[in-house]
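> Provided below for reference: sequence and predicted model.
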Amino acid sequence: MVLLTLDGAVSPATADYLVRGIRQAAEKNASLVVLRMDTPGGLDTSMRRVIKEMLASPVPVAVFVAPGGARAASAGTFILYASHVAAMAPGTNLGAATPVPVGIAPGGEPGKPPGKPADGAAKKGEPKEAEAPEGAMTRKQVHDAAAYIRSLAQLRGRNAEWAERAVREAVSLSAEDALERRVIEVIAQDTNDLLAKLDGRKVAVQGVERVLATRGAPVLALEPDWRSRLLAVIAEPSVALILMMIGIYGLLFEFYSPGFVLPGVIGGISLLLALYAFQLLPVDYTGLALILLGIAFIVAEAFVPSFGALGIGGVAAMVFGILILFDPAAAAGYAPPTSFLVALALASSAAVFGIVWFAARARRRAVVSGREEMIGARGEALEDIVGEGWAQVHGERWRVVSEAPLKRGERVRVTAIDGLTLRVEPEAGEHRRN
């Protein structure tokens, strides 16, 4: 028997861990997979990936909401309904599976139960007003989720009516009520008690009836490996955003100040990791495009005389881009808090302004080395010069040409370079030495 643990949000990292765990159980010819779960919900895409693997698994999967005080909310309810055996520990609950951000009822006002009209809404027989596109999109999501969980309930022979209510009305159940309403099959104190109660139970796996032999079976606990832990870190929305900004800052700094190397290396790695995380998360690519456009405007402000229009537009584009980068309906509470997004947008704008300012300042700085730096350099004649002679410039002896006669020790200034010969003239304000 293989034991998997889901403790936290249903995310790309946890989905990867669970999918690979179920596949390893099949490779080991395990008799049962027990998924011990305590989750507030998570991403729809990650949830569906786990459910697809459970439905296709040749090994029966038992979902166990445990320990006491745990819950299987939102996406967790769908996963429980997809299991071959659904079990809960005393003092646990499940439900509240409406696919919208917490606190906002679908298509209505905060706190309004789904499916019930808000105050002043048209009643039966009254003309119905045109609804906003947001309301239509929310209804579409709710209907899709309701049909999905009903199909899972019918597949496993569980209470489909209550499952649909969990989606449409965000209702919840305790373990005892769930057993009474045929939402789950078993209440167990712990994993050992669950295995004892499942022994001899018949389950259908890919259309074939199997009898579980779990009493006293050895338990192999599969923990998340380094890959799953790394994925959990970089697929966190806040971390992915920070990685993206570090990547952009590093590349900008490297482009404006070539030769440092390290900022470019760190920036490139960070940006690639961020893009990998974004393809796992419910990202609105319009927001990503706005962020890049905002950075381009801020950079252009340093070179184009727009009197601040490009800079202000760039900051606004970055703020709006970061705010709409994550789709809250798809993330179901998994997106970063708005306060974090606003703070990051403002800090990012300030950082990009700073990089561009320092870069522009460096571009205006006088040349301090090379051929160009010799123009205007000061030196001293080493001998009396009429036409051609020798002078010392920057501590080096140079062949010089002067239209005006020069005395030994007289200060000179370089006006041009002709191959290895310098053209000089007497420095203004200097007195000739005898």
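That came through fine. Residues are numbered from 1 along each chain as shown.

> can you get me a residue count around residue 339?
Using other CB atoms under 10 Å, residue 339 is surrounded by 8 other residues. Glycine gets a C-beta too; all of them are placed from N, C-alpha and C.

> helix or strand for it, which one?
In this assignment (DSSP states H and E), residue 339 forms part of helix 338-364.

> and residue 207, what does it touch?
With CB atoms under 8 Å, 6 or more residues apart in numbering as the criterion, no residue contacts residue 207.

> tell me what the lengthiest strand in the chain is packed against?
In the chain, taking DSSP state E as the definition, the longest strand is strand 396-406. Packing contacts for strand 396-406, counted by 3 or more CB pairs under 8 Å, 6 or more residues apart in numbering; DSSP states H and E, involve strand 378-381, strand 385-393, strand 411-418, strand 421-426.

> want to throw those into JSON lines with mean pLDDT?
Converted to JSON lines, these look like this (pLDDT from 0 to 100):
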{"stretch": "strand 378-381", "mean pLDDT": "91"}
{"stretch": "strand 385-393", "mean pLDDT": "91"}
{"stretch": "strand 411-418", "mean pLDDT": "90"}
{"stretch": "strand 421-426", "mean pLDDT": "91"}
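
> quick check: which of the ones you listed is nearest to residue 267?
strand 411-418 (38.2 Å; CB to CB).

> mind listing what's buried in the closest one?
Of the residues in strand 411-418, 411-414 count as buried by neighbour count, 16 or more other CB atoms under 10 Å.

> same question for stretch 206-224.
By neighbour count on 16+ other CB under 10 Å, the buried set for stretch 206-224 is 210, 212, 214, 222, 224.

> and it, end to end?
One end of stretch 206-224 sits 27 Å from the other (CA to CA, to the nearest Å).

> give the rounded mean pLDDT of that stretch.
Across stretch 206-224, pLDDT averages out at 88.

> likewise stretch 6-23?
Here stretch 6-23 scores 91 as its mean pLDDT.

> got a list of contacts for that stretch?
Applying CB under 8 Å, 6+ apart, the contact partners of stretch 6-23 are 2, 4, 33, 35-43, 45-47, 49-50, 53-54, 57, 59, 61, 75-76, 79, 222, 224, 227-229, 231-232, 235-236, 280-281, 334.

> ok, and for that stretch, which residues are buried?
Using 16+ other CB under 10 Å as the burial criterion, the residues of stretch 6-23 that qualify are 6, 9-22.

> centre of the chain to it, how far?
Counting by CA atoms, centre = their mean, to the nearest Å, stretch 6-23 is centred 17 Å from the centre of its parent chain.

> cool, and stretch 163-179?
In terms of CA atoms, centre = their mean, the centre of stretch 163-179 is found 32 Å from the chain centre.

> and if you look at stretch 285-303?
Computed by CA atoms, centre = their mean, the chain-centroid distance of stretch 285-303 equals 19 Å.

> convert the C-alpha atoms of it to PDB, please.
C-alpha atoms of stretch 285-303 as PDB (Å, rounded to 0.1, in the frame of the first residue of the first chain):
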ATOM      1  CA  TYR A 285      -0.800  37.000 -20.900                       C
ATOM      2  CA  THR A 286      -2.300  40.500 -21.500                       C
ATOM      3  CA  GLY A 287      -1.000  41.400 -18.100                       C
ATOM      4  CA  LEU A 288       2.500  40.000 -19.000                       C
ATOM      5  CA  ALA A 289       2.500  42.000 -22.200                       C
ATOM      6  CA  LEU A 290       1.500  45.200 -20.200                       C
ATOM      7  CA  ILE A 291       4.400  44.600 -17.800                       C
ATOM      8  CA  LEU A 292       6.900  44.300 -20.700                       C
ATOM      9  CA  LEU A 293       5.400  47.300 -22.500                       C
ATOM     10  CA  GLY A 294       5.700  49.400 -19.300                       C
ATOM     11  CA  ILE A 295       9.400  48.500 -18.900                       C
ATOM     12  CA  ALA A 296       9.900  49.500 -22.600                       C
ATOM     13  CA  PHE A 297       8.300  52.900 -21.900                       C
ATOM     14  CA  ILE A 298      10.400  53.500 -18.800                       C
ATOM     15  CA  VAL A 299      13.600  52.700 -20.700                       C
ATOM     16  CA  ALA A 300      12.500  54.900 -23.600                       C
ATOM     17  CA  GLU A 301      11.900  57.800 -21.200                       C
ATOM     18  CA  ALA A 302      15.700  58.000 -20.600                       C
ATOM     19  CA  PHE A 303      16.400  58.700 -24.400                       C
END
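
> for the closest residue to residue 269 other than its chain neighbours, list the residues it contacts.
On the basis of CB to CB, 6 or more residues apart in numbering, the spatially nearest residue to residue 269 that is not a chain neighbour turns out to be residue 247, at 7.6 Å. By CB under 8 Å, 6+ apart, residue 247 lies in contact with 267-274.

> now the buried members of these.
For those, a neighbour count by 16+ other CB under 10 Å gives the buried set as 267, 270-271, 273-274.

> much appreciated, bye for now.
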